[in-house]
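Student: structure for this input, please:
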Amino acid sequence: MDTPKDEERKPAVRSCEWVDGATLELELATQRLRLYFMEPGLVRCRYVTGAVFENIPSYGVSTEYRPGRPTLREEEQEEAYVVRTERLVLRIRKADGGLEFEDARTGRLLCADAEGVGHRLQERTGDQLVWVLKHMPPHAHFYALGDKPCDLNLRGRRFEMWGADHYNFHPNSDPLYKSIPFFLCLNEGTQYGIFFDNTMRSYFDFGKERGDRLLFGADGGVMDYYFICGETALGTVELYTRLTGLPPLPPLWSLGYHQSKWSYGSEKIVNELAAELRARRIPCDAIHLDIRHMNQYQALTWDRKQFPNPPGMISRLSESGFKVVTIVDPGIKINPDNYVWSSGFERNVFCRRHDGALLEGLVWPGMCTFPDFTSPTTRSWWAGLFRRQVAEYGVRGIWTDMNEPSFFPDKTFPDDTRHAFDGYSCSHLKAHNVYGQCMAQATRMGMERYAPSRRPFVLSRAGFAGLQRWAATWTGDNASDWENLRMANTMVQRLSASGVSFCGADTGGFLGHPTPELFARWMQLAAFHVFFRNHNNGEFSGQEPWCFGPTVESIVREAIEERYRLLPYFYTQFRRYSQHGTPIIRSLALMHPENTDTYWRSCEFFVGDALYVAPVQEEGCCEQDVYLPEGHWFSLRTDEPAPAAGAAVRMLTPMGRIPVFVRSNRIIPRWPVQQYVGELKHPPYTYDLWWAPNETAESELYEDRGDGPGYRVKDFLQHRFVCTTGARSLCVRRTAEGTMQPPLPVVTLALHALPADAQPQLTADGQPVEVTLREGKPRVFCAEIAADFRELQLTF
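Tutor: The predicted structure follows:
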C-alpha cells in the first residue's frame, strides 16, 4: 500500500454530536466517524463512507465481552473537541478531524494522527482502500502482531496480514499462518495498543516507508480500530485479550508433553512408541496422529489395514495415560462413497465460485471441496461429524491443519470464492483471514457436543484475533537449525503478547534433522512454553528423545520432568490467563517497559510472575550474557542468588541445563514427577519458597478436577498467598475461593535461601510445626503443614 496523496486525505469536521451517553458521532467531508467509549482505557474508532453504520458482527471481538460505562467529561475548545476518561484524554482536531490520545494522569501524548484516515476507491473491484497515518515518535517501539518470525521489536519494518502456508519460513518471511492485527507501542514510559478489526488483506508499516510515520490499512472493508491503554503494558495486553475473548481452561493433561511425527503410520508403531516412552520413564500425555492414520488421507477416516481397531488402540493407550490427538484438514475429497463428502454436498456446505460452481482444489487426498466455515449451518454440520471420533472412539484432541486455507501448489482460494460470513455474504478477500479460526470454532463445537463432560483440546495452525477462544496453536513448518530455535522463542513471546498464550513450536524442528546439541537445547526451551510438542516430518526416521544417544536422552528427560513438577504452576498461570487475559509467556519489554535497555532483547522471557528463563540459542555455547530484571532472583536448580539485577551478567550454560530463575518470596507449587497427568490421583504438593528480606509478595495456586466443566460453577480451590518478610522473619497469609476441598490434608513447605546460620522456628495458625533440614544440596528446610492453613510465622 502506497502512502496516500494529499488530495485523498480527510478534511475538516462538519458536525459533532452524541448518539448516546458513550458514543460520539462526527460528520466529515467524505466520511463519518463514531467514537465508542467502552472503558476508561478503550475507545473504538470507526469510520464509514456510506450513510449507515452497519452492525456487522466481528470475528475478532468476543460476543462475551461487555463494555463498561466510563465516566466522561467533555468540552469544546477553540481548536478541538475534547473527551476525558479516567485514563485517557481524546482530542479531535477541528481543522482536519485528526485524533490525539493523551495519558489523563500525566498529560503525555500517547498517539496522534498525522495525515489521519484516508480512503480510495478501487475501480476494478469496487472496494475501498482504507488507511490511517499517525506520527511515530523517534523512540517509539512496537511489539505483538501475531506470529511474525523477525525480532520482537517491529520498528523499521512493514508487515502484511494474509494467512499463508509458508513452508520452511525464515526471519523475513511474511505473511505467515496467522493474521492477528494487534500491536503494542512502548515509548519511554508511555504505552498503548491498537487492534485493527478488519479481516481484509491488511498492512502495517512501522516506519519503513517513512521514519516518522506509523501506517496501517487494508485493501477493503472499513477503518475500524480500537485504541487500548491499560494501567501498564501488561494491562493493555490483558484488556485486548478480554476484548477478543478470554480463553477457556484446557484439560490439565494438554499442558504436559506431546509426542508427534509425520507420521506414526500404524497401530503397531504407535503401541511401540507408547511402550518405549513408558519403559524409558519419559513423561508424556499425548500422542498425535498425522494424516497417515487416515484412509487415503480422507478427513475423519481411518486406514483399517494399518489401524484395524482404533477404539481398542485408543482405550489401551488410555490405560497407560496416553491421550490420542488426530489431525483433520479442511479439504474434503470428492468421493460420493465417503459420508463426509456426500453429506456436505447434500447440505450445500461447500464453498462455491462467483458463478455458482463448486470450488475445487488439490490437497493430500486428491481433488477436494472445502466447507464454508463462515456459515453457522456449516459449522453445525462439521461439529456433527465428530460423533465417531470423539464419542465412540475416545479421541481426546483434534488438530486442524492446512486451514489458512491452502491447497497445492502453494495456493489459497481464488478471490471470487463466495462465503456466507455469518449472514453478510462476501468474497474470499474478506473471509480468508478468518477461515481457519472458524474451522477451529466448529471443531471445538463438535468436541463439546460429543464429550460434554470433558474439556476440548483443539490445535489450529491458522487464526485471527481471538483465536484463543477456540484453540491452541503452533508456529508452523519450521526447520531444524539454530535460527529456527531463536525464531521459536520470539514467535511464542509475540503470540503471547497478541492474546494467544497457548502456543508453542515444533520442538526440534519439523524439517531436517537436528544435531544432538540443538535438540537438547530446543527441548530445554520448549519445556517452558505453554504448548509443548515434539514434531517432525519423519524424513530422518524421527526425533524421539532417545534418538540422539543416552546423554541427550537424559538431558531431555530431565527437562520434561521439570515441566511435570511445575504443572501446578503452569496451570495456575493459565487460570489467571483465562480470568484476566494475563499472558503466560512475557517478554522483558512487556514486563519492564520503563527500561529502554529491554526493548531489543528477545532471548530471555518470563513464565508468569515468578519464573524467568534464559534459553541457550547458539551452537557450542557454554556461557552467555543474561539480562536479570530488577528484584531478588535465585537459580531454580541450585538456589544461588542472581549476581546482579537490572543488568546483563555472564553465566555458565553447561549442556545439561539452561539458566532458570525464580523470584523471591513467591510460593511455587510443585508436584512429584508423574509419567502422565493422573498417574497419581492426588499428587502431593510442595510449596517451594525462596526467601529474601524486607519484601511483600503475592502468589497463587489454582486447583480443580483437571478436566470437565465443574470449574465454571466454583468447583475449584484458588489459594492466594501474601508473603511478608523482615530481616530474619517470614509471614505467609492464605485466603481461598471455591467450593472444592483440598485433595490432601497436608502439603510440604520447602524454604530455600535462608541464611547459613538459620535455625528456623515455624508456627502454623499459632501452633508450632517441626522444621527439618533436607539432606543434600541445596540447603532446604522442610515442614509438613495443613493445606488449609491461614497463617504461617517463621523466625530464624
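Student: quick check: closest non-adjacent residue to residue 623.
Tutor: Distance criterion CB to CB, 6 or more residues apart in numbering; nearest residue to residue 623, sequence neighbours excluded, is residue 652 at 5.0 Å. For glycine as for every other residue, the C-beta is placed from the backbone atoms N, C-alpha and C.
Student: helices along this protein, start to end?
Tutor: Ranges of helices within the chain are 233-244, 267-279, 310-319, 339-346, 376-384, 428-450, 482-497, 516-526, 550-565, 567-580, 588-591, based on DSSP state H.
Student: of the ones you listed, which approaches residue 674 most closely?
Tutor: helix 550-565 (5.7 Å; CB to CB).
Student: roughly how far does the residue nearest to residue 623 sit from residue 660?
Tutor: Counting by CB to CB, to the nearest Å, the separation of residue 652 from residue 660 is 13 Å.
Student: that older thread, quick one: closest of the helices of the chain to residue 83.
Tutor: helix 233-244 (18.4 Å).
Student: helices or strands next to the closest one in the packing?
Tutor: Packing partners of helix 233-244 (3 or more CB pairs under 8 Å, 6 or more residues apart in numbering; DSSP states H and E): strand 182-187, strand 190-196, strand 224-228, helix 567-580, helix 588-591.
Student: and these as a markdown table, adding mean pLDDT and distance to residue 606?
Tutor: What follows is the helices and strands packed on helix 233-244, written out as a markdown table (pLDDT from 0 to 100; distance: least, CB to CB, whole Å):
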| stretch | mean pLDDT | distance to residue 606 |
| --- | --- | --- |
| strand 182-187 | 98 | 16 |
| strand 190-196 | 98 | 17 |
| strand 224-228 | 98 | 21 |
| helix 567-580 | 98 | 10 |
| helix 588-591 | 96 | 6 |
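Student: distance to residue 257 and mean neighbour count added to those, as a markdown table?
Tutor: Formatted as a markdown table, those follow (distance: least, CB to CB, whole Å; neighbours: other CB atoms under 10 Å):
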| stretch | distance to residue 257 | mean neighbour count |
| --- | --- | --- |
| strand 182-187 | 30 | 25 |
| strand 190-196 | 33 | 25 |
| strand 224-228 | 35 | 23 |
| helix 567-580 | 10 | 21 |
| helix 588-591 | 27 | 24 |
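Student: ok, which of the ones you listed comes nearest residue 796?
Tutor: Nearest of those (CB to CB): helix 567-580, 25.6 Å.
Student: mind giving me the packing neighbours of the closest one?
Tutor: helix 233-244, strand 605-607, strand 668-670, strand 695-703.
Student: out of these, which is the most enclosed?
Tutor: By mean neighbour count, with neighbours taken as mean count of other CB atoms under 10 Å, helix 233-244 ranks first of the helices and strands packed on helix 567-580 at a mean of 25.
Student: what's the mean pLDDT across that one?
Tutor: For helix 233-244, mean pLDDT rounds to 98.
Student: cool, and stretch 729-736?
Tutor: Mean predicted lDDT for stretch 729-736 stands at 98.
Student: contact partners of that stretch?
Tutor: 665, 667, 689, 691, 717-725, 751, 788-796 (CB atoms under 8 Å, 6 or more residues apart in numbering).
Student: and those residues, which are buried?
Tutor: Listed as buried from these are 665, 667, 689, 691, 717-719, 721, 723, 725, 751, 789, 792-794, 796; burial here means 16 or more other CB atoms under 10 Å.
Student: what is the nearest of those to residue 229?
Tutor: Distance to residue 229, by CB to CB, is smallest for residue 718 among these, at 28.7 Å.
Student: and the closest one, how close does it get to residue 711?
Tutor: Distance from residue 718 to residue 711, by CB to CB: 10 Å.
Student: equivalent analysis for residue 397, please.
Tutor: Distance from residue 397 to residue 711, by CB to CB: 19 Å.
Student: next one: residue 87
Tutor: Distance, residue 87 to residue 711, by CB to CB: 32 Å.
Student: ok, now residue 334?
Tutor: Distance from residue 334 to residue 711, by CB to CB: 43 Å.
Student: what of residue 108?
Tutor: 41 Å.
Student: these two: which is more packed in?
Tutor: It is residue 711, of residue 108 and residue 711, that has more neighbours when counted by other CB atoms under 10 Å, with 22 against 12.
Student: ok, that one touching residue 704?
Tutor: Yes - taking CB atoms under 8 Å as the definition, residue 711 is a contact partner of residue 704 at 4.6 Å.
Student: what residues do the two have in common as contacts?
Tutor: Shared contacts of residue 711 and residue 704, defined by CB under 8 Å, 6+ apart, are found at residue 249.
Student: returning to that earlier point: redo the helices and strands packed on helix 233-244 as TSV? Include distance to residue 776.
Tutor: TSV is the format used below for the helices and strands packed on helix 233-244 (distance: least, CB to CB, whole Å):
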stretch	distance to residue 776
strand 182-187	44
strand 190-196	45
strand 224-228	49
helix 567-580	23
helix 588-591	33
